[in-house]
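A.B. asks: One predicted model, sequence on top.
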Amino acid sequence: MKQKITIKTIAKELGVSTSTVSKALRDSHEISIETKEKIKAYADFYNYKPNSLALQLRNQKTKVIGVILPKIVHHFFSTVIKGVERGASEKGYHVMACFSNESYESEVNNLNVLSNGSVDGLLISVAKETLENQKFGHFQDLINEEIPLVMFDRVLDSIYCDKVIVDDIGAGYKATKHLIENGRKRIAMLSTPEHMNIGALRKQGYVKALKEFELNFNPDLVLEVDDNADLREQISFLLSKDIDAIFAVNEIYAAMAIRVAKEEGKKVPEDISVVGFTDGLISEFSSPSITAIVQHGFTMGKQAVELLIDRIENDGDILPPRTKVISSDLNIRESS
């Protein structure tokens, strides 16, 4: 099988610039016939198929950043897009946003639309269905074509690109530690399925805090929520396990935990304390208001777009992928 090649590979092997390769593949009059024939023959031999965006990036910039978000209504992602827009505006770029709605197919379609030459690079938070199906070929195609890509929040370790993430382990630790320091002994965790890496990482922090305070980790107190089943029933089952606190990995789970607990005659926080993730309007205006991990979405969005623009504007430089980790804070409210 012939190796997968890029424009940089062709340029290096033939001793020409990436710009020369790009122009030759577009049959530019600026390149001699002999050079064009040599480059095209090499590209054909290795089955190189140039992407229109990959070629455009080396010639005419659009000054537009493409963003694919998992959800249109989500406090965290709304703050991320504000950060993206601010960072892009400061650098003279515009933003084009699409939403996958957690669908693999929508994510692929959005990626195809944006990568037709209408944007200079892409910011992506991976859809839930993509993580579940473990199908990442559409991202690898971007890397193979050397299209600037930055992943944020939900990222893939197997994709070789820049990333911006929250310190999810540290956040899970802070939330659990707070509950323990408030006298809670049987702390349950409402988490995402295992394929969602953010839930798995927050669980690591949860376990770390339990061990530090010499509390036994009980896997029966960790509920990986099944999105296809009734959330109320799942939480009710968890409450039946004689728990005195819940750490929920998002504010929807936290708000529902409080509602179900109250319906079953439990007082919050007297009988059961609750800490959630994502400090949005739900956390602020729930009754009682919810103690929550603050993820700093604005900062994440701004740093992600700065990484992307740096990658776009230094295309000739070979920069190793970079990962930025954003720490989180705990906003203590009535629920704990």
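C.D. replies: Done, it's in.
A.B. asks: Please count neighbours and contacts with C-alpha atoms only from this point.
C.D. replies: OK.
A.B. asks: which outside residues touch stretch 218-225?
C.D. replies: With contact meaning Cα atoms under 8 Å, 6 or more residues apart in numbering, stretch 218-225 is reached by 187-194, 231, 234, 238, 241.
A.B. asks: next one: stretch 326-336
C.D. replies: Counting by Cα under 8 Å, 6+ apart, 164-167, 170-171, 174-175, 179, 182, 268-269, 273-275, 279, 288-296, 299-300 sit against stretch 326-336.
A.B. asks: Also stretch 176-188?
C.D. replies: Contacts of stretch 176-188 (Cα under 8 Å, 6+ apart): 205-206, 209-210, 213, 215, 221-223, 238, 242-247, 273, 275, 336.
A.B. asks: If we ignore the residues flanking it in sequence, what's nearest Leu114?
C.D. replies: For Leu114, ignoring the flanking residues on the chain, the nearest one in space by Cα to Cα, 6 or more residues apart in numbering is Gly66 at 6.4 Å.
A.B. asks: Quick check: beta-bridge partners of that neighbour?
C.D. replies: Judged by DSSP bridges, the bridge partners of Gly66 are Met96, Leu122.
A.B. asks: gap between it and Val95?
C.D. replies: In this view, Gly66 and Val95 are 6 Å apart by Cα to Cα, to the nearest Å.
A.B. asks: neighbour count winner among those two?
C.D. replies: Per other Cα atoms under 10 Å, whichever of Gly66 and Val95 has more neighbours is Gly66, with 23 against 18.
A.B. asks: Assess the claim that that one and Gly121 are in contact.
C.D. replies: Yes. Using Cα atoms under 8 Å, Gly66 is in contact with Gly121, at 6.2 Å.
A.B. asks: Just the ones of the contacts of stretch 326-336 in strands?
C.D. replies: Secondary structure defined by DSSP state E assigns 164-166, 273-275, 291-294 of the contacts of stretch 326-336 to strands.
A.B. asks: Most neighbours among the residues you listed, please name it.
C.D. replies: Val275 (33 neighbours).
A.B. asks: What confidence value was assigned to that residue?
C.D. replies: With respect to pLDDT, Val275 scores 98.
A.B. asks: That one: what's it in contact with?
C.D. replies: Contacts of Val275 (Cα under 8 Å, 6+ apart): 175, 179, 246-248, 254, 290-293, 335-336.
A.B. asks: Closest one of the residues you listed to Phe76?
C.D. replies: Nearest to Phe76, judged by Cα to Cα, of those is Ile293 at 11.2 Å.
A.B. asks: Okay, the closest one and Lys174: tell me how far apart.
C.D. replies: Ile293 is 8 Å from Lys174, by Cα to Cα.
A.B. asks: how distant is stretch 38-50 from the center of its chain?
C.D. replies: With Cα atoms, centre = their mean, to the nearest Å as the basis, stretch 38-50 stands 34 Å off its chain's centre.
A.B. asks: Keeping just the C-alphas, turn that stretch into CSV.
C.D. replies: Only the C-alpha atoms of stretch 38-50 are listed here, as CSV (Å, rounded to 0.1, in the frame of the first residue of the first chain):
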residue,chain,number,x,y,z
LYS,A,38,7.0,16.1,-12.2
ILE,A,39,4.8,17.2,-9.3
LYS,A,40,1.6,15.8,-10.8
ALA,A,41,3.2,12.5,-11.7
TYR,A,42,4.4,12.2,-8.1
ALA,A,43,1.0,13.1,-6.7
ASP,A,44,-0.7,10.6,-9.1
PHE,A,45,1.6,7.8,-8.2
TYR,A,46,0.7,8.2,-4.5
ASN,A,47,-3.0,8.8,-5.2
TYR,A,48,-2.8,12.3,-3.7
LYS,A,49,-6.2,14.0,-3.9
PRO,A,50,-5.9,17.7,-2.9
